[in-house]
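[1] Only the shape, not the letters, is given here:
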């Protein structure tokens, strides 16, 4: 008799489920924001193309500028698209932060927590400090 090769499903509440949920939710939210912004711009302008220069700053300054502008001027299609980009950029960062906390506080595995902390430090530098 041949044995069946089964795919192990992650248990509800496990880290694999949490990571999958974070990544799926981040990508879905980003897609929703981006597509809504594009459609809104297309309907408002009558043209699907637009020119929006990329910021020449760190993601932290970009986020602060967008949040500040959203509060003062309200949302417009370009701001919605920028928020979608911000969500997409921060999704893997949140995943690494939660993985680090999980390895440190739940599994109490110092080796994996240290490796994840190094990845988190590199991401923090590249996203926020550079």
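    In hand now; what should we look at? All figures in this text were calculated on a predicted structure; none of them were measured in a lab.

[2] Please state the offset of the lowest-mean-pLDDT helix or strand in the chain from the chain centre?
    Lowest on mean pLDDT, DSSP states H and E among the helices and strands of the chain sits helix 59-73, with a mean of 81. With C-alpha atoms, centre = their mean, to the nearest Å as the basis, helix 59-73 stands 17 Å off its chain's centre.

[3] Can you tell me what sits against that helix?
    55, 57, 79, 82, 83, 86, 89, 90, 127, 128, 129 (C-beta atoms under 8 Å, 6 or more residues apart in numbering). The C-beta positions use only the backbone N, C-alpha and C, and glycine is treated the same way.

[4] Please state the offset of the helix or strand that residue 98 is a member of from the chain centre?
    Per DSSP states H and E: residue 98 is located in helix 77-101. Centre-to-centre, helix 77-101 and its host chain are 2 Å apart (C-alpha atoms, centre = their mean).

[5] can you check stretch 110-121 too?
    For stretch 110-121 - counting by C-alpha atoms, centre = their mean - the centre lies 19 Å from the chain centre.

[6] I'd like the next helix or strand past the helix holding residue 98.
    Toward the C-terminus from helix 77-101 - assigned by DSSP H and E - lies helix 110-124.

[7] Could you measure from the spatially most central residue of the chain over to residue 66?
    Centroid-nearest residue in the chain: residue 91, 1.8 Å away (criterion: C-alpha atoms, centre = their mean). Using C-beta to C-beta, to the nearest Å, residue 91 is found at 16 Å from residue 66.

[8] ok, now residue 74?
    12 Å.

[9] got it, and residue 24?
    24 Å.

[10] of those two, who's got more company?
    More crowded of residue 24 and residue 66, by other C-beta atoms under 10 Å: residue 66, with 17 against 11.

[11] Give me the helices and strands touching the helix or strand containing residue 16, please.
    Secondary structure assigned from DSSP H and E places residue 16 in helix 15-45. Contact analysis of helix 15-45 by 3 or more C-beta pairs under 8 Å, 6 or more residues apart in numbering; DSSP states H and E lists helix 77-101 as its packing neighbours.
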